[in-house]
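Trainee: what's the 3D shape of this:
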Amino acid sequence: MGKVPYTCAGRGMYSSTARRPQGLSMAKDSDIVTVAEIERWYPDEWVLVEITRDHKHHERIAGRLLAHGRDRADLVEPHHRFRAEHPRTRLYQFYTGDIVPEGVVAIL
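Mentor: Residues are numbered from 1 along each chain as shown. Got it, this is the predicted structure:
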């Protein structure tokens, strides 16, 4: 699948798909979304988020979506580029789906 450029928070980033919800305004602070919204918009994908707000118990609550893709490797280049430009920014990388598929038992 080819990379499709998109801009988030005024920064050029890349995504393996361009599936932002219709009607989402990207002006100023309107690009800050909750982790729950990201999970709903990009099911079963890896996402990279710039954290803008934490919960008092250190849970990530909201941020700016920087990149997303079906494979975790899709986030390597955007992560390195963003980190180089913003070394002190807190980033959060996570998978929005189930890590262990239903019906599968993981033994650790």
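
Trainee: need the longest helix for the protein.
Mentor: For the chain, the helix with the greatest residue count under DSSP state H is helix 76-85.

Trainee: and the angle from the helix or strand following it to helix 76-85?
Mentor: Going down the chain from helix 76-85, the next helix or strand is strand 91-95, by DSSP states H and E. If you take axes from the mean of the first three to the mean of the last three C-alpha atoms, to 10 degrees, strand 91-95 sits at 170 degrees to helix 76-85.

Trainee: outside of strand 91-95, which residues touch it?
Mentor: 35, 44-51, 60, 63, 66, 72, 75, 79, 82-83 (C-beta atoms under 8 Å, 6 or more residues apart in numbering). Heads up, the C-betas are built off the backbone N, CA and C, glycines and all.

Trainee: what do you get if the cut-off is 10 Å, keeping everything else the same?
Mentor: 35, 38-39, 42, 44-51, 54, 60, 63, 66-67, 72, 75-76, 78-79, 82-83 (C-beta atoms under 10 Å, 6 or more residues apart in numbering).

Trainee: and for stretch 96-108?
Mentor: By C-beta under 10 Å, 6+ apart, stretch 96-108 touches 35, 38-47, 68.

Trainee: buried stuff in it?
Mentor: Neighbour counts over stretch 96-108 (16 or more other C-beta atoms under 10 Å) mark residue 96 as buried.

Trainee: what is the end-to-end distance of that stretch?
Mentor: End-to-end span of stretch 96-108 (C-alpha to C-alpha, to the nearest Å): 22 Å.

Trainee: quick check: mean pLDDT of it?
Mentor: When pLDDT is averaged along stretch 96-108, the result is 86.

Trainee: alright, I will stop here.
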